[in-house]
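> Predicted model and sequence follow; I will ask about them next.
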Amino acid sequence: ETGVTQSPTHLIKTRGQQVTLRCSSQSGHNTVSWYQQALGQGPQFIFQYYREEENGRGNFPPRFSGLQFPNYSSELNVNALELDDSALYLCASSQPRNEQFFGPGTRLTVL
Amino acid sequence: RKEVEQDPGPFNVPEGATVAFNCTYSNSASQSFFWYRQDCRKEPKLLMSVYSSGNEDGRFTAQLNRASQYISLLIRDSKLSDSATYLCVVRNNAGNMLTFGGGTRLMVKP
């Protein structure tokens, strides 16, 4: 096990709602990255947080936002959910520029 | 054109077979390359980094061809436990973003 935990494991929401996903990083890691993995596709980079600041963002709209806390845990918030937001959301923790260790993911279904 | 492209497969091979996957990437300035393994409904895990000179880890060999911008993974003596999706990954030069291919599914049969 990597030591990266995510909650909840599964979540069902309806279109237009808001969701918050949580990630606890591995001990000693100060960087958290978030990825979205749609069914049958590879993960896509959403953004990265380093020492509580956003440190790079992929091609996702502003309704995807995040936070990192002083203990380096992180949240991903998605507003105005759309059907296409249904996916596995993965967080990964690391030291900067080092191997990223992934958590088990949160499976989000939007109805 | 996708930044990282892979044949989705599936590759169905018998135990003991040798199988090879290729991947192409579009950014010629990329410096860091990896193969990840992802089991069904699980998180991706680093299988191995890919170095310019090629590298081997047991039954797995990874090679990089910068001129043609492709990366390969060779698996020798396939085991049932090798059945998984193999993801080709390129890290950007800032070191903060991994770009994944769509994955190649491997099924090893008895």
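Everything's here; your move.
> Please enumerate the helices of chain B.
Using DSSP state H, no helices are found in chain B.
> Can you tell me which residues in it are near chain A?
Proximity of chain B to chain A is assessed by CB under 8 Å from any CB of the partner chain, with B:4, B:8, B:42-46, B:87, B:94-103 identified as the residues in range. Quick note: C-beta positions are derived from backbone N, CA and C, even for glycine.
> Buried ones only from those, please, as a ChimeraX command.
In ChimeraX, a selection of the buried entries from the residues of chain B next to chain A looks like this (16 or more other CB atoms under 10 Å in any protein chain shown):
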select /B:4,43,44,87,95,96,97,98,99,100,101,102,103
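> Which ones among the residues of chain B next to chain A lie within strands?
In strands, judged by DSSP state E, the following of the residues of chain B next to chain A are found: B:Val4, B:Lys45, B:Leu46, B:Leu87, B:Leu98, B:Thr99, B:Phe100.
> where are the low-confidence patches of chain A?
Within chain A, the segments meeting pLDDT under 70 span A:1-2.
> Spatially central residue for it, please.
Centrality entry for chain A: nearest residue to the mean C-alpha point is A:Trp34, 3.5 Å, by CA atoms, centre = their mean.
> now that one: how far from A:Val78?
From A:Trp34 across to A:Val78, the span is 10 Å (CB to CB, to the nearest Å).
> A:Ala87 is in contact with the residue nearest to the centre of chain A, correct?
No. The pair A:Trp34 and A:Ala87 does not pass the contact test of CB atoms under 8 Å, sitting 11.3 Å apart.
> for B:Asn27, what are its contacts?
Residues touching B:Asn27, when contacts are defined by CB atoms under 8 Å, 6 or more residues apart in numbering or on different chains, comprise B:Glu3, B:Val90, B:Asn92.
> Could you do B:Ile75 as well?
B:Thr18, B:Val19, B:Ala20, B:Arg59, B:Phe60, B:Asp82, B:Leu106.
> can you give me how far stretch A:65-74 is from the chain middle?
11 Å (CA atoms, centre = their mean, to the nearest Å).
> List the buried residues of that stretch.
Buried residues in stretch A:65-74, counting neighbours by 16+ other CB under 10 Å, are found at A:Ser65, A:Gly66, A:Gln68, A:Tyr72, A:Ser73, A:Ser74.
> Now do the strands in the chain.
The chain I'm using is chain A. Applying DSSP E to chain A gives strands spanning A:5-7, A:10-13, A:19-24, A:31-37, A:44-50, A:53-57, A:64-68, A:74-78, A:87-94, A:101-102, A:106-110.
> Please refer instead to chain B.
Taking DSSP E, the strands of chain B run over residues B:4-6, B:11-14, B:19-25, B:32-38, B:45-50, B:55-57, B:60-65, B:70-75, B:84-91, B:98-100, B:104-109.
> Chain A against chain B: which residues are in contact?
Counting by CB under 8 Å from any CB, the residues of chain A lying close to chain B are A:2, A:31, A:33, A:35, A:40-45, A:48, A:50, A:55-56, A:58, A:90, A:92, A:96-97, A:99-100, A:102-105.
> Thanks a lot, catch you later.
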